[in-house]
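K.L.:
Need coordinates for the below:
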Amino acid sequence: MSTIPNYDLYGEAPQPIWHESLHVESISKRSGAYNWEIAPHRHDGQLQILYLMQGAGEVLLESEKVHATAPCVIHIPAQFVHGFHWAGQVEGHVITALQPPLESAARVLSPALLPQLQKPHLIHLPRWEACEDPLLPLCLALHQEYHDRPREHVACSMSLLLALVIHIFRFAVADNAQPTPAQGRRSQQVRVFRELVEVHFRNHRPVNDYAGDLGMTTATLGRLCQEQLGMNPMAVINARLVLEAKRELAHSSQSIKTIAHDLGYSDVGYFSRFFRKNTGLTPSEFREAAQGDG
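P.N.:
Numbers count the residues shown, from 1 in each chain. Just a heads-up that it's a prediction; the model follows:
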């Protein structure tokens with residue numbers, strides 16, 4: 001494959017953004033059709049929640065492989081490269097939904113959820129009796145809303161989805177996940193900065209351009225990033241470039257020169273030096289290690 005596939009649903013071409021805001025199916029339906037192997041891919045604007053109820057397997061999250069054993073929840077935000085190698089038949093539910101509407105609802109109703117929605121999670125769950133399981137009724141209700149399509153099902157589905165996410169991340173806290181950072185004005189400004197980086201990182205804009213977009217000085221943006229993220233703004237931009245380079249090197253067969261040009265580098269030698277400085281490996285060494293590990 002020449003580039004990392006971008007799907008609405010694995011194996012299906014992306015539809016316009018308005019085409020579908022929700023999809024609900026069993027994990028076995030799609031994974032079983034692909035012999036329990038889902039190759040690395042990503043979704044443009046959609047997150048996925050997998051509630052693994054039976055079975056186990058290996059989950060790829062960016063360049064890291066983690067072992068998942070039921071019962072657990074796997075949360076994958078939009079744009080994160082992921083894949084699955086199930087150890088035989090698995091059972092559970094997979095929910096694919098547009099991330100921006102859910103973030104908008106969370107921003108109004110439960111702001112503490114936002115940082116959790118924007119990063120991947122593997123959350124271990126207790127073993128409940130069926131009658132005690134708080135997640136299963138929500139998954140089944142979402143399945144019914146999606147497949148029966150009653151009137152106003154999108155509004156109802158969003159409410160159910162928000163409730164499901166809240167339940168899931170309550171267990172993330174119980175599973176010793178990192179505490180959710182407080183949502184104040186400074187953290188909101190940093191979030192907007194990161195959103196701008198997501199749009200412009202290939203253009204290599206100087207930090208003062210981002211600061212201008214945010215209506216602040218470069219020094220103020222530097223203090224905010226150091227306080228909220230523990231790194232300076234240029235490190236944030238470089239980390240995004242390195243992440244995209246790693247994705248393409250690990251999961252595509254494009255030449256290093258093509259990857260460099262796609263990331264805004266006219267000089268492949270400069271790109272290679274930048275990559276090595278940030279990872280300790282040349283692009284070729286990283287690709288060999290990443291693809292050889294698969």
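
K.L.:
When you work out contacts or count neighbours from here on, use the C-alpha atoms and nothing else.
P.N.:
OK.

K.L.:
quick one: the residue nearest to the spatial centre of the chain and residue 157, what's the gap?
P.N.:
In the chain, the centroid-proximal residue (CA atoms, centre = their mean) is residue 77; its distance is 2.6 Å. Separation of residue 77 from residue 157 (CA to CA, to the nearest Å): 18 Å.

K.L.:
Could you do residue 239 as well?
P.N.:
Between residue 239 and residue 157 the distance is 35 Å, computed by CA to CA.

K.L.:
higher neighbour count, those two?
P.N.:
residue 157 (22 against 14; other CA atoms under 10 Å).

K.L.:
Residue 142 is in contact with that one, correct?
P.N.:
Yes - under the criterion of CA atoms under 8 Å, residue 157 makes contact with residue 142 at 5.9 Å.

K.L.:
how about the helices of the stretch 1-150 of the chain, start to end?
P.N.:
27-33, 99-109, 114-117, 136-148 (DSSP state H, counting those that start in this stretch).

K.L.:
Indicate which one of the ones you listed is closest to residue 285.
P.N.:
Across the helices of the stretch 1-150 of the chain, residue 285 has its closest neighbour in helix 27-33 (31.5 Å, CA to CA).

K.L.:
For that closest one, name the packing helices and strands.
P.N.:
Applying 3 or more CA pairs under 8 Å, 6 or more residues apart in numbering; DSSP states H and E, one finds that helix 27-33 contacts strand 91-98.

K.L.:
Name all residues that make contact with the residue nearest to the centre of the chain.
P.N.:
When contacts are counted by CA atoms under 8 Å, 6 or more residues apart in numbering, residue 77 touches 46-48, 99, 117-120.

K.L.:
low-scoring stretches of the stretch 101-250 of the chain, by residue?
P.N.:
Low-confidence segments of the stretch 101-250 of the chain (pLDDT under 70): 173-184.

K.L.:
Just give me the neighbour total for residue 23.
P.N.:
Residue 23: 17 neighbours (other CA under 10 Å).

K.L.:
In terms of pLDDT, where does the residue nearest to it when sequence neighbours are not counted sit?
P.N.:
Spatially, and ignoring its direct neighbours in sequence, residue 23 is nearest to residue 96 (5.1 Å; CA to CA, 6 or more residues apart in numbering). Residue 96 is assigned a pLDDT of 94 by the prediction.

K.L.:
Quick check, residue 96 in contact with residue 48.
P.N.:
Yes - assessed by CA under 8 Å, residue 96 is found in contact with residue 48 at 4.5 Å.

K.L.:
List of residues touching stretch 212-230?
P.N.:
So stretch 212-230 is contacted by 186-187, 189-190, 192-193, 207-208, 211, 231-233 (CA under 8 Å, 6+ apart).

K.L.:
Can I get it in PDB? Just the C-alpha atoms.
P.N.:
The C-alpha coordinates for stretch 212-230 follow below in PDB (Å, rounded to 0.1, in the frame of the first residue of the first chain):
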ATOM      1  CA  GLY A 212      -0.600  36.000  16.400                       C
ATOM      2  CA  ASP A 213      -3.500  33.700  15.600                       C
ATOM      3  CA  LEU A 214      -4.100  33.300  19.300                       C
ATOM      4  CA  GLY A 215      -3.800  37.000  20.000                       C
ATOM      5  CA  MET A 216      -0.800  36.700  22.300                       C
ATOM      6  CA  THR A 217       2.900  37.200  22.300                       C
ATOM      7  CA  THR A 218       5.400  34.400  21.500                       C
ATOM      8  CA  ALA A 219       6.700  34.600  25.100                       C
ATOM      9  CA  THR A 220       3.200  34.100  26.400                       C
ATOM     10  CA  LEU A 221       2.500  31.100  24.200                       C
ATOM     11  CA  GLY A 222       5.900  29.700  25.300                       C
ATOM     12  CA  ARG A 223       4.900  30.000  29.000                       C
ATOM     13  CA  LEU A 224       1.500  28.400  28.400                       C
ATOM     14  CA  CYS A 225       3.000  25.400  26.600                       C
ATOM     15  CA  GLN A 226       5.700  24.900  29.200                       C
ATOM     16  CA  GLU A 227       3.100  25.100  32.000                       C
ATOM     17  CA  GLN A 228       0.400  22.900  30.400                       C
ATOM     18  CA  LEU A 229       2.500  20.500  28.300                       C
ATOM     19  CA  GLY A 230       6.000  20.600  29.700                       C
END
